[in-house]
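**Student:** Below is the sequence, then the predicted model.
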Amino acid sequence: MLPLLKKPRLLLLDDDASMQRLLALMLRREGFCVDVVSTGRQAIEKIGRVDYDALLLDLMMPTEGGMTVINHLREHEPRMLRRVVVVTASPDSVLKKISKEVAAVVKKPVDAGELIAAIRK
């Protein structure tokens, strides 16, 4: 009997329900296990309980978005910053501040191939 392979586990933070559904469906079809949250606070709670292979964070949210999570990781779990893939429509000026800390930045509208490659990296 072959051993079961662990599916990579991702946390997706986005406040847009249609974007959540689209990205989660796409990622699940690629073989990922995906947990979805709508606020930075929810993401921080999940990160405290689950060991994620990657975190997909939207930065542009009304409250407690991806920057809330990044700031938390800087202070409490800096090694996790290298597992962050920022998925955003934020201007380049905002991204310059964090692009060297995170694994990747994928701009919206999302190219599926680019996102999958960034996660697998």
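**Tutor:** Yep, that arrived. All figures in this text were calculated on a predicted structure; none of them were measured in a lab.
**Student:** Could you use CA atoms for every contact and neighbour count after this?
**Tutor:** Fine.
**Student:** Next, the one residue sitting closest to the centre of the chain: phi, psi?
**Tutor:** Centrality entry for the chain: nearest residue to the mean C-alpha point is residue 56, 0.8 Å, by CA atoms, centre = their mean. Taking degrees, to the nearest 10, you get phi -110, psi 120 for the backbone angles of residue 56.
**Student:** and it, bridged to which residues?
**Tutor:** residue 12, residue 85 (DSSP bridges).
**Student:** Next up, the contacts around it.
**Tutor:** If you count contacts by CA atoms under 8 Å, 6 or more residues apart in numbering, residue 56 has them with 10, 11, 12, 13, 84, 85, 86, 87.
**Student:** Show the pLDDT at the fourth one.
**Tutor:** Pointing back at residue 13 there. In this model, residue 13 is scored at 97, pLDDT.
**Student:** As a markdown table, the contacts of residue 56 with neighbour count and distance to residue 121 would be great.
**Tutor:** What follows is these, written out as a markdown table (neighbours: other CA atoms under 10 Å; distance: CA to CA, whole Å):
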| residue | neighbour count | distance to residue 121 |
| --- | --- | --- |
| 10 | 24 | 13 |
| 11 | 23 | 16 |
| 12 | 24 | 17 |
| 13 | 27 | 19 |
| 84 | 28 | 11 |
| 85 | 22 | 10 |
| 86 | 29 | 13 |
| 87 | 24 | 15 |
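**Student:** Please identify which of those is nearest to residue 22.
**Tutor:** residue 12 (11.2 Å; CA to CA).
**Student:** can you tell me how far the closest one sits from residue 45?
**Tutor:** Residue 12 is 13 Å from residue 45, where distance means CA to CA, to the nearest Å.
**Student:** Could you pull up the mean pLDDT of the longest helix along the chain?
**Tutor:** Longest helix in the chain by number of residues (criterion: DSSP state H): helix 17-29. Average pLDDT, helix 17-29: 96.
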